[in-house]
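Trainee: give me a model of this one.
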Amino acid sequence: MSEEPGKEREEDQKPQSRPVTAAARRERRASARPAARKDAAPAAKAKPKGKPAAETEAEGKKGRATPTRDGKEKRAGMFSRLFRFLKEVVAELRKVIWPTRKQMITYTAVVLVFLAVMVAIIAGLDLGIGRGVQAIFG
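Mentor: This is a model prediction of the structure:
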């Protein structure tokens, strides 16, 4: 016991190196967690008598049943639904990130060049096929 007691504590408290692989990170996280999970059902919990096991199990997981609907729900009037729709449209249009003038000019130029190329390809095919048909059938 010639060593000082403080040295042992310092060696034990050295920070661990960071895990490199995903498996090592999962293992480190799992070792840091408490032994029992919060959502796990305790083993000593007694089941109420009179209900089947499956029903008790489902009730414990999900809570109470969804209430049934009796009759139809009242629908809002036509004008109120139209007004709400228009309000939602305006709200969605405010979320849109509109392109700048420079972006619009660039996009328009790209579309026009693409159209010119496609028109040239289709016109060339049409002309070639037309001449081929003319040569075969005279």
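
Trainee: longest helix in the chain, please.
Mentor: helix 101-137 (DSSP state H).

Trainee: packing partners for that one?
Mentor: The contact analysis (3 or more C-beta pairs under 8 Å, 6 or more residues apart in numbering; DSSP states H and E) places helix 101-137 against no helix or strand. (Each C-beta comes from the backbone N, C-alpha and C, glycine too.)

Trainee: quick one: low-confidence parts of the protein?
Mentor: 1-16, 33-61, 71-73 (pLDDT under 70).

Trainee: if we use 50, what do you get?
Mentor: Along the chain, the model assigns pLDDT under 50 to residues 44.

Trainee: tell me where it has helices.
Mentor: Under DSSP H, the chain gives helices at 5-12, 22-32, 53-62, 78-95, 101-137.

Trainee: how about those helices in a markdown table, adding distance to Thr68?
Mentor: A markdown table is the format used below for the helices of the chain (distance: least, C-beta to C-beta, whole Å):
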| stretch | distance to Thr68 |
| --- | --- |
| helix 5-12 | 61 |
| helix 22-32 | 43 |
| helix 53-62 | 16 |
| helix 78-95 | 26 |
| helix 101-137 | 53 |
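
Trainee: turn those into JSON lines, including mean neighbour count.
Mentor: JSON lines is the format used below for the helices of the chain (neighbours: other C-beta atoms under 10 Å):
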{"stretch": "helix 5-12", "mean neighbour count": "8"}
{"stretch": "helix 22-32", "mean neighbour count": "10"}
{"stretch": "helix 53-62", "mean neighbour count": "11"}
{"stretch": "helix 78-95", "mean neighbour count": "9"}
{"stretch": "helix 101-137", "mean neighbour count": "10"}
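
Trainee: wait, which of those is closest to Asp70?
Mentor: Minimum separation from Asp70 across the helices of the chain (C-beta to C-beta) falls at helix 53-62, 22.2 Å.

Trainee: any idea how far Ala76 is from Val90?
Mentor: Distance of Val90 to Ala76, given as C-beta to C-beta, to the nearest Å: 18 Å.

Trainee: what does the nearest residue to Arg84 once chain neighbours are set aside show for phi and psi?
Mentor: Excluding its sequence neighbours, the residue lying closest to Arg84 (C-beta to C-beta, 6 or more residues apart in numbering) is Ala76, at 7.5 Å. Torsion angles at Ala76 (phi, psi; degrees, to the nearest 10) stand at phi -70, psi 160.
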